[in-house]
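Novice: When you get a sec, could you give me coordinates for this:
(chains A and B)
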Amino acid sequence: MNATNLHLFVLVVPLLSALAINLLGRRSRQWIAPMVLGSLAFSVFGSIIVMARVIEHGTLRYTVGNWQPPYGIELVVDPLSALMMVLISVVALLASFSSLKSVEQELPGREHFFFTLYMILIAGLFGLVLTGDAFNLYVLLEITSITTYGLIAMGKGRAALSSFNYIIMGSIAACFYLLGIGYIYILTGTLNMADIARILPTLDAPVATATAIAFVLVGLWIKMAFFPLHSWLPNAYSQAPTGAGTLIAPLMTKVTVYLMVRVIFTMYTPALVFTHEWIAQGVVWAAAFAIICGSVLALGQKDLRRMLTYIIVAEVGYMVGGIFLANANGLTGSILHIVNDALMTLCLFLVVAAIIYRQGSVSLVSLQGIFRRMPITMAAFTLGAFAMIGVPPTCGFFSKWYLILGGIDGGHWEFVIALVISSLINAVLFFRIIELAYFGSLQEGEHHEHSVTERHEAPWWMLSPLVLTAVILIVVGLSTGPLVNNVIRLMIPVGF
Amino acid sequence: MTPIVSFWPLAAILVSLLGALPIILSDRQPNLRESWTILIALVKLTIVASLLPWILEGGSYVFTIAQVIPGVPIELRVDALGMIFALVASCLWLFTSIYSIGYMRALDEHAQTRYFASFAVAISATLGIAFAGNLLTLYLFYEVLSLSTYPLVTHKQNAEARSSGRKYLTYILGTSIGLALPAMLITYSLAGTLDFTTGGILAGKASPEILALLVVLFLFGFAKAGLMPFHGWLPAAMVAPTPVSSFLHGVAVVKAGVFAIFRVIFHILGPETLQSADLGSLITYIASVTILVASLIALTQDSMKRRLAYSTIGQLAYMVLGAGMLSALGMLGGIMHLAMHAFGKITLFFCAGAIYVASKKKNISQMDGLGRRMPITYMAFFLGSLSIIGMPPLGGFISKWNLLLGAVEGDQLVLIIVLLVSSLLNAAYFFPIVYRGFFMPATDGEKEGIKEAPLFCLIPLSVTALVSLSLFFFPDTLLRLARMALGF
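Specialist: Presented below is the predicted three-dimensional model:
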């Protein structure tokens, strides 16, 4: 193995293991767990080494098949993509422990299909953060989408319909993105991002440039479920198999937000995107609206998992708004929130998986008195909830800090107010559940189906990644300073 | 003097935070579990006390926990003001721990392990607030304190506890996220730092309007100080077991709110900056209204703990009032009252708990003649109430005297009237309790059986009452610390 191209192997190993899982997993289920965990563990170590290398030596570039850019496909690892690689690999590894257990329960006999798609999805996500080519990005976006459709459709009940709904929305999104890239190709004659960024400012075609980026952005907004383009997400995420939800929910929307950062700051220049002030202002207003609406819709849910999906919609508003504040603090907050939100969502979805494994449902009614039955799970849930509310020193506080600061810097008080209100609503949302879980049913003699009070904790396969994630929430929160200084600051253009 | 980098402030916080673990692990051995609690309390008090000499010499300790935001690390800094709060809190925690053992066992309460563990986390957070070196760190521990006290407030786990818990979180968490957090961010974006600095960090950086906004946001944002109209959580929180009410809602939690407001007025906004923007009167008026209204409501309460709660609300506003006077003696009186009130009020709560343990009585109207059966408890209660009213020879006199002098010095007639009227009201709601206890005939049919509460309850309340008394004669250390905190 040529260690200089380690970042490529981080992507390739899960991809190859996907094929192997399909072939060997068919024969014996025992092959699946070691291959999934082994290849993802490799990716974790690989991406951490790549990250250290990038911080030390600067951006790495790799030309696939030695075709030189702008014609060949270029893989670029800058500090931000290295950070995303670490994030994806860590989240995927932690999620897979829990997924292995819940898939075994929910999809017996189909594990090899599930994990084939699962690993291809992870490889696709690595590809998305690595690629330096706008069209290649489209291809990878489709790879991740198609695998996601498949994974969601394996769920019970109306999952197939939700997946179909998602396919339609996802395909529309892909069309928008592709059209935008088409325009850009017509304008610049290249698909390499760095090349596009070099050529675009020299052109005198403001309308065409703006149209192109508008198409690209709308495409991405549908994919990330930016309110009001979010309608596909709650159904899709809450009806997917539990094991798929723990991977998709933390990563998909966040990676798409990353792509938006990439498109705006690497393919375009911020000057080109944020020239018309009213557009940026409009998007921030839309984001504020998204935050409030997502939070309020979450209030109306009677199922923990559905509630979380609406919180994801609100959180997407955080990140989009932060980027379109068009200032350094806002961008820092958004990028930080990509990391933090992925981890918080992972924590909460791991809780969902653990509870579903034990009692089959996470409807709010079934959570009554669950503190007694699953104390460790609920302790982790409480930490995840604190992070979502934004209680220091959990990581959620610090990204919110930067986002609010960005809002104050930019004079966007509507965004500041939306963030504060959303924190308050999150407090209501989560304490409602903590209260239910802590007090249980107060009427004596009323026996619920789940009112067994003896301790019945989730298996260690699900519990250990959960506890680890909860600890990570605090560790990442306390290392916000180094994270911002060593990685995120490097992404902020000079004079921005 | 240059600050000394020291691990000990963090150790003082960690002792009880990590101490929660052995407490949880010795779930099934109550004696061992309570030994842990006492041991931790002793170690903590020792560490805090060992930091005192250097602070009295004018030095300070710092320790940076993590770099999180440019210019605002999570940092501990022990100075004179923090020392006062830390000393009071860690000293009273020891008494409360002893008292808790007597109280919880006498009543055979459930979930005692959770109770003692949450208590340990709460006291950690309290010391964190005392030792916080900047506003962000203070906010961090403030939130930890809010959350760790939730299981204590809702300890009974019945419908009443649930609705009180809801109220508690709504007020405390709602205001800290909705008001204090934005205020802190506005301050940071104006000043670029949140370090506690003598004279404040906003001099010349904010217009009077912004300052006024910040004052309002901070005063109400730290709702643990119970300024009206954000006081409703405190009477509701009285549903908690009495040691919780006495320590957290007489000392740690409520004073954390006042302490945060002190920090903001003295070390963030700055007395001189506030003076030049003429905002002192804004603070004193808000506080005055709370003092009078809370005292009046206290008169009408029949439930002992609720009367004490409204009394606390009024007394907390005294401290804010003192800080808001922005005059040397007024601010000194405010700081002194934080300590004096703590010893007085915890005595009263301990007594209320002792009465409940001994007789199961919660309402003042049922307590006729109890004083003759529980003379020690009632004597302690009498001393505690004298201290709160502000009569010599008890500690409360010193702080109220300084407050009054501050009002005279500032030539603020309205405040002088408020202070005097309120003292009368204090007397009016405390003395009847003592009078009923000693001089009214006991209700028929229950003359038998009621005697003093267990020693575990009785000793702490006697000690705190005596400390209240001795603080009148030996206030020097506290006065010196308070003067140093104000920079003169």
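Novice: Following element in sequence after the helix or strand containing A:L80, please.
Specialist: Secondary structure assigned from DSSP states H and E places A:L80 in helix A:79-106. On the C-terminal side of helix A:79-106, the closest following helix or strand by DSSP H and E is helix A:111-130.
Novice: Let's see that next one as CSV, backbone CA atoms only.
Specialist: As requested, C-alpha coordinates have been extracted for helix A:111-130 and formatted as CSV (Å, rounded to 0.1, in the frame of the first residue of the first chain):
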residue,chain,number,x,y,z
GLU,A,111,-28.3,-8.7,6.5
HIS,A,112,-26.0,-9.1,3.6
PHE,A,113,-28.2,-6.9,1.4
PHE,A,114,-28.5,-4.3,4.0
PHE,A,115,-24.8,-4.1,4.8
THR,A,116,-23.9,-4.1,1.1
LEU,A,117,-25.9,-0.9,0.6
TYR,A,118,-24.7,0.4,4.0
MET,A,119,-21.1,0.1,3.0
ILE,A,120,-21.6,1.5,-0.5
LEU,A,121,-23.4,4.5,1.1
ILE,A,122,-20.4,5.1,3.4
ALA,A,123,-18.0,4.8,0.5
GLY,A,124,-20.2,7.3,-1.4
LEU,A,125,-20.1,9.7,1.5
PHE,A,126,-16.3,9.5,1.6
GLY,A,127,-16.3,10.2,-2.1
LEU,A,128,-18.5,13.3,-1.7
VAL,A,129,-16.1,14.9,0.7
LEU,A,130,-13.1,13.9,-1.2
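Novice: Let me know the angle separating the helix or strand just after that helix from helix A:79-106.
Specialist: Later in the chain than helix A:111-130, the nearest helix or strand by DSSP H and E is helix A:134-153. Between helix A:134-153 and helix A:79-106, the angle formed by their directions is 20 degrees, by axes from the mean of the first three to the mean of the last three Cα atoms, to 10 degrees.
Novice: buried ones in helix A:134-153?
Specialist: Within helix A:134-153, the residues scored as buried using 16 or more other Cβ atoms under 10 Å in any protein chain shown are A:134-138, A:140-153. All C-beta spots, glycine's among them, are computed from the backbone N, C-alpha and C.
Novice: and if you look at stretch A:353-370?
Specialist: Within stretch A:353-370, the residues that count as buried by 16+ other Cβ under 10 Å are A:353-359, A:361-362, A:364, A:366-370.
Novice: Flag the shaky bits of the stretch 251-400 of chain B, pLDDT-wise.
Specialist: For the stretch 251-400 of chain B, applying pLDDT under 70 flags no range at all.
Novice: from it, which residue is nearest to chain A?
Specialist: B:A260 (14.3 Å; Cβ to the nearest Cβ).
Novice: distance of the closest residue to that residue other than its chain neighbours from A:V50?
Specialist: Nearest residue to B:A260, sequence neighbours excluded (Cβ to Cβ, 6 or more residues apart in numbering or on different chains): B:F222, at 4.2 Å. Taking Cβ to Cβ, to the nearest Å as the measure, B:F222 and A:V50 are separated by 45 Å.
Novice: Same drill for these two, tell me which one is more crowded.
Specialist: Neighbours of B:F222 and A:V50, each counted by other Cβ atoms under 10 Å in any protein chain shown, are more numerous for B:F222; the result is 30 against 24.
Novice: That one contacts B:L181, doesn't it?
Specialist: No. Counting by Cβ atoms under 8 Å, no contact exists between B:F222 and B:L181, whose distance comes to 11.1 Å.
Novice: Neighbours of the residue of the stretch 101-250 of chain B found nearest chain A, how many?
Specialist: Using Cβ to the nearest Cβ, B:L140 is the residue of the stretch 101-250 of chain B that sits closest to chain A, at 4.0 Å. Taking other Cβ under 10 Å as the neighbour definition, B:L140 ends up with a count of 24.
Novice: Would you map the strands across chain A?
Specialist: A:60-63, A:74-77 (DSSP state E).
Novice: Chain B: which of those strands is closest?
Specialist: Between chain B and the strands of chain A, the tightest spacing by Cβ to the nearest Cβ is seen for strand A:74-77, at 25.8 Å.
Novice: Which elements pack onto that closest one?
Specialist: Under the contact definition 3 or more Cβ pairs under 8 Å, 6 or more residues apart in numbering or on different chains; DSSP states H and E, strand A:74-77 sits against helix A:6-27, strand A:60-63, helix A:111-130, helix A:193-199.
Novice: low-confidence ranges in chain A?
Specialist: Within chain A, the segments meeting pLDDT under 70 span A:1-3, A:441-453, A:494-495.
Novice: Which positions in it make contact with chain B?
Specialist: Within reach of chain B by Cβ under 8 Å from any Cβ of the partner chain, chain A has these residues: A:386, A:389-393, A:398, A:401-402, A:404-405, A:408-409, A:416, A:420, A:423-424, A:427, A:431, A:435, A:438-439, A:442, A:477-482, A:484.
Novice: Please point out which parts of stretch B:182-201 sit buried.
Specialist: Neighbour count says stretch B:182-201 has B:182-188, B:190-191, B:193-197, B:200-201 buried, by 16+ other Cβ under 10 Å.
Novice: Would you point out the most distant pair within these?
Specialist: In terms of Cβ to Cβ, the buried residues of stretch B:182-201 reach their longest pairwise distance at B:P182 and B:T197, which sit 21.3 Å apart.
Novice: Who are the contact partners of the residue of the stretch 351-496 of chain A found nearest chain B?
Specialist: With distances taken as Cβ to the nearest Cβ, the stretch 351-496 of chain A approaches chain B most closely at A:G481, which sits 3.3 Å away. Contacts for A:G481 (Cβ atoms under 8 Å, 6 or more residues apart in numbering or on different chains) come out as B:A66, B:Q67, B:V68, B:I69, B:P70, B:P73.
Novice: Kindly reformat those as JSON lines containing secondary structure and distance to chain A.
Specialist: As requested, the contacts of A:G481 are arranged in JSON lines below (DSSP: H, G, I helix; E, B strand; the rest coil; distance: Cβ to the nearest Cβ, whole Å):
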{"residue": "B:A66", "secondary structure": "strand", "distance to chain A": "4"}
{"residue": "B:Q67", "secondary structure": "strand", "distance to chain A": "3"}
{"residue": "B:V68", "secondary structure": "strand", "distance to chain A": "4"}
{"residue": "B:I69", "secondary structure": "strand", "distance to chain A": "6"}
{"residue": "B:P70", "secondary structure": "coil", "distance to chain A": "8"}
{"residue": "B:P73", "secondary structure": "strand", "distance to chain A": "7"}
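Novice: Make JSON lines out of the residues you listed and add pLDDT and neighbour count.
Specialist: Formatted as JSON lines, these follow (pLDDT from 0 to 100; neighbours: other Cβ atoms under 10 Å in any protein chain shown):
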{"residue": "B:A66", "pLDDT": "87", "neighbour count": "17"}
{"residue": "B:Q67", "pLDDT": "87", "neighbour count": "18"}
{"residue": "B:V68", "pLDDT": "86", "neighbour count": "25"}
{"residue": "B:I69", "pLDDT": "86", "neighbour count": "19"}
{"residue": "B:P70", "pLDDT": "85", "neighbour count": "13"}
{"residue": "B:P73", "pLDDT": "89", "neighbour count": "20"}
